[in-house]
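Visitor: model this:
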Amino acid sequence: MSTTAALSWHNHARDHHHDEEMHIIVVGCGRLGAELSINLDKAGHSVSVVDKDRRGFQRYLPERWSGRAVLGVGYDRAVLEQAGIKEAGALAAVTGGDNSNILAARIARETYEVEQVVARIQDPRRAVIYQRLGIPTVAAVAWATDQVMRKLLPDVRPSEWTDATGKVSLLELILPATWAGHKLAGIDEGDRFRLVALTRAGLVHLATPDLVGQEGDILHILVQRDAVDDLDVRLHSAVPGPGGH
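Guide: Residues are numbered from 1 along each chain as shown. I've put the predicted structure just below:
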């Protein structure tokens with residue numbers, strides 16, 4: 001997705017969740033890591049960006065960068081603590097090295113219990129393995145800044161499309177962990193909201209009655225304007241049994 005589209009997404013996120021700022025760490029200050037950091041900063045979050053080469057800060061961050069720039073290796077605990085890992089609600093590891101990214105992500109998740117973690121992985125085959133370990137990944141072939149932001153900020157409801165009347169929207173949402181392993185047909189409610197497709201490991205699948213959720217799935221849901229809050233309740237309540245909602 002282009003920078004313009006990513007910024008459009010961040011504006012939507014800011015409008016809906018201005019009162020839910022968090023501290024976020026971005027490991028890697030290349031072109032993509034810097035764009036992600038800038039977008040998160042503009043969305044109202046406090047951001048620390050970590051890189052072992054200070055030239056990344058000088059090259060890609062704005063002169064008046066309001067966040068922190070921490071020099072060091074992203075999987076060094078002392079560096080992460082300097083970046084504020086103990087207060088962080090999310091971490092994105094987006095350097096050019098798979099091993100560095102997955103190590104930083106695992107330390108954040110397992111040592112510091114950071115709730116939202118995502119790692120950029122070059123090799124899609126390895127990405128699948130790490131997904132099974134419970135660490136969401138974005139493969140390089142499917143990379144876009146907005147995909148990482150969606151995984152860092154899963155409660156935000158970006159709209160992909162809205163009809164001319166403004167009454168029906170197509171939303172993208174991260175599948176809540178409680179739905180993993182369950183049939184996603186249980187999400188639907190008549191003509192109020194309906195799952196139409198999902199993105200899994202970079203591939204889009206049309207929804208079928210027997211489709212079972214997996215951690216990391218991105219849902220594409222058509223929803224009536226007056227049913228958005230009810231959709232949130234459905235997704236974050238107990239998963240309905242085989243008998244219905």
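
Visitor: So which residues of this structure form helices?
Guide: Applying DSSP state H to the chain gives helices spanning 3-16, 31-42, 54-60, 77-82, 98-106, 124-132, 145-152, 228-236.

Visitor: Packing partners of the second one?
Guide: Meaning helix 31-42. helix 3-16, strand 23-27, strand 46-51, helix 54-60, helix 145-152 (3 or more CB pairs under 8 Å, 6 or more residues apart in numbering; DSSP states H and E). C-betas here are computed from N, CA, C, even on glycine.

Visitor: now what about stretch 204-219, what contacts it?
Guide: Here stretch 204-219 makes contact (CB atoms under 8 Å, 6 or more residues apart in numbering) with 131, 134, 136-137, 150-151, 171-175, 177, 179-185, 187, 194-201, 220.

Visitor: List the buried residues of that stretch.
Guide: Going by neighbour count (16 or more other CB atoms under 10 Å), the buried part of stretch 204-219 is 207, 211, 213-219.

Visitor: Just those residues: which are in strands?
Guide: 218-219 (DSSP state E).

Visitor: Please parse this structure into its domains.
Guide: 3-152, 159-236 (automatic domain parsing).

Visitor: Can you tell me which of those domains has the worst average pLDDT?
Guide: Note on the domains of the chain: lowest mean pLDDT is at domain 3-152, with a mean of 81.

Visitor: I'd say residue 21 and residue 45 touch.
Guide: Yes. Between residue 21 and residue 45 a contact is recorded at 5.2 Å, counting by CB atoms under 8 Å.

Visitor: neighbour count winner among those two?
Guide: Counted by other CB atoms under 10 Å, residue 21 and residue 45 do not tie: residue 45 has more neighbours, with 23 against 14.
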